[in-house]
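A.B. asks: 3D model of this:
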Amino acid sequence: MKYYSTNGCAPLASLQETVVRGLAPDKGLYMPKSIRPLPQEFFDDIQDMSFQDIAFNVASALFGDDIDGDALQEIVYDTLSFDCPTVQVTDNIHSLELFHGPTLAFKDVGARFMARLLQYFIHDERQVNVLVATSGDTGSAVANGFLCVEGIHVYVLYPKGKVSPIQECQFTTLGHNITAIEVDGVFDDCQRLVKSAFMDGELNEHMRLTSANSINVARFLPQSFYYFNAYARIKKLSERGGIDLSRIVVCVPSGNFGNICSALFGKRMGLPIKRFIAANNANSVFYEYLKTGVYTPRPSVQTIANAMDVGDPSNFARILDLYGKDHKAICADISGATYTDKQIAQTINEVFTATGYLCDPHGACGFRALQEGLCEGETGIFCETAHPAKFKDTVESIIGSEIEIPSKLQAFMSGEKQSITLPKDFKSLKDLLMSR
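C.D. replies: The predicted model follows:
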């Protein structure tokens, strides 16, 4: 499979070149030249398959031309050492729980897959340096996915004071081949610094750089695995009756838009999802695009759903490319919703009181969008993207009671913080990296 740039001014690249580079030379995002549909027999039997087997079939369609089958199976099965189950919350709304991995966040799937795929492609002695910007969960997932992986060093850039204390512990206490960099700014500043690094010729001569953000195809495409798994679990449930499989709606809490982008790729591969909802917090750039057809990025604002605090989502370029920049076609598959902190908190409390199910702030946006947007006869699935304990203080203040911290999180919190503080100008980051 060859990959092209969304900016259209870079030569076609192999999967290996795409994964190692991260960003195309013309600053565009890589896209596969074709999207291979899965056979109908796969969907006929999907409800009886394991998550790992489902994911391997999807991975084979995406990456099978470029990776040995046995090696790809090992990568997939090692990545998915945990489940991503669906849990029924109300009669017609189900939670896709994506927090059962090592760092209790959805990004564990893409980060672990990418770490293993990148290691598969490294054949020389030159170290690969991963630069990743995070608004919360990406940093912890990538840092832990690459921890102690030979030949790879990870630099995590995050906005100072704008991630939860537990999230911060998950990537600042690891040491070894992980360096945490506190940037005196917002997430968009971190993302800008990473992109600037990729474009700097002198820096790229000095060190071999790649990204583990969702701009990397090896990060965002594997996230499609759990949408296929969600469909399989709902199809199994439908055997009891009461669910119309032609009317499934998936709602994705959306920040940098890699997660929903992977779901849209799944739909192109045949995943029978009727439509999607992109749920935003107060950072509503995409919601406004859907309403007006005009994309107006702006600085992000801080919210209690911090992983969605993105004012210029990178993967918007991929969505535009996937739909040929056709606003009407995009709106046919995706609708939007946007919520204030007050509405998010209200939803967490109301769902917990009514059902006993505890959403994190991001999942609450997804639940509310389904609650308000489902039509008669539709079944909704929302992504519960992180364990609510990762936002302990926020969630406890909303529900008025303590929540238990899982042992996985407690282990991170016992470590000593190690980080480097930098201003938000590129020269400071470049000087740091050139000294390495």
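A.B. asks: so which strand or helix has the closest residue in space to residue 49 that isn't next to it in sequence?
C.D. replies: Leaving out its chain neighbours, the residue that sits closest to residue 49 by Cβ to Cβ, 6 or more residues apart in numbering is residue 232, at 6.4 Å. Heads up, the C-betas are built off the backbone N, CA and C, glycines and all. Secondary structure from DSSP states H and E places residue 232 in helix 225-238.
A.B. asks: Show me what counts as buried in that helix.
C.D. replies: For helix 225-238, the neighbour count (16 or more other Cβ atoms under 10 Å) marks 225, 226, 227, 228, 229, 230, 231, 232, 233, 234, 235, 237 as buried.
A.B. asks: Give me the contacts around the helix or strand that that helix is followed by.
C.D. replies: Toward the C-terminus, helix 225-238 is succeeded by strand 248-253 as the next helix or strand (DSSP H and E). Residues external to strand 248-253 that are found in contact with it (Cβ atoms under 8 Å, 6 or more residues apart in numbering): 96, 227, 230-231, 234, 259-260, 263, 272-279, 305, 307-308, 337, 362-363, 365-367, 369-370, 373-374, 378-383, 385.
A.B. asks: Counting neighbours, which bits of the helix or strand just after strand 248-253 end up buried?
C.D. replies: Sequence order places helix 258-268 as the next helix or strand after strand 248-253, per DSSP H and E. Using 16+ other Cβ under 10 Å as the test for burial, helix 258-268 gives 258, 259, 260, 261, 262, 263, 264, 265, 266, 267.
A.B. asks: close enough to count as contact, the fifth one and residue 221?
C.D. replies: So that's residue 262. Yes: counting by Cβ atoms under 8 Å, residue 262 touches residue 221, with 6.0 Å between them.
A.B. asks: Next, show the common contact partners of these two.
C.D. replies: residue 110.
A.B. asks: Work out the gap between the strand or helix carrying residue 382 and the centre of the chain.
C.D. replies: Per DSSP H and E: residue 382 is located in strand 379-384. Distance of strand 379-384 from its chain centroid, counting by Cα atoms, centre = their mean, to the nearest Å, is 16 Å.
A.B. asks: and if you look at stretch 298-311?
C.D. replies: Worked out by Cα atoms, centre = their mean, stretch 298-311 lies 15 Å from the chain centre.
A.B. asks: what's that stretch in contact with?
C.D. replies: By Cβ under 8 Å, 6+ apart, stretch 298-311 touches 105, 135-138, 162-164, 167, 186-188, 191, 253-256, 280-283, 285, 297, 312, 341, 344-345, 361-362, 364-365, 385-386, 391, 394.
A.B. asks: thinking again about what came up before, relative orientation of the strand holding residue 382 and strand 248-253 in degrees?
C.D. replies: Relative orientation of strand 379-384 and strand 248-253, computed by axes from the mean of the first three to the mean of the last three Cα atoms, to 10 degrees: 20 degrees.
A.B. asks: Now do strand 379-384 against helix 258-268, angle only.
C.D. replies: Using the same axes, to 10 degrees: strand 379-384 against helix 258-268 is 140 degrees.
A.B. asks: surely the residue nearest to residue 49 meets residue 45?
C.D. replies: No: when contacts are counted by Cβ under 8 Å, residue 232 is not listed as touching residue 45 (9.3 Å).
A.B. asks: contacting residues around residue 266?
C.D. replies: Residue 266 touches 58, 224, 227, 228, 273, counting by Cβ under 8 Å, 6+ apart.
A.B. asks: Roughly how far does it sit from residue 226?
C.D. replies: Using Cβ to Cβ, to the nearest Å, one obtains 9 Å as the distance from residue 266 to residue 226.
A.B. asks: now do residue 317
C.D. replies: 23 Å.
A.B. asks: ok, now which ones touch residue 336?
C.D. replies: 277, 278, 279, 280, 284, 286, 287, 290, 291.
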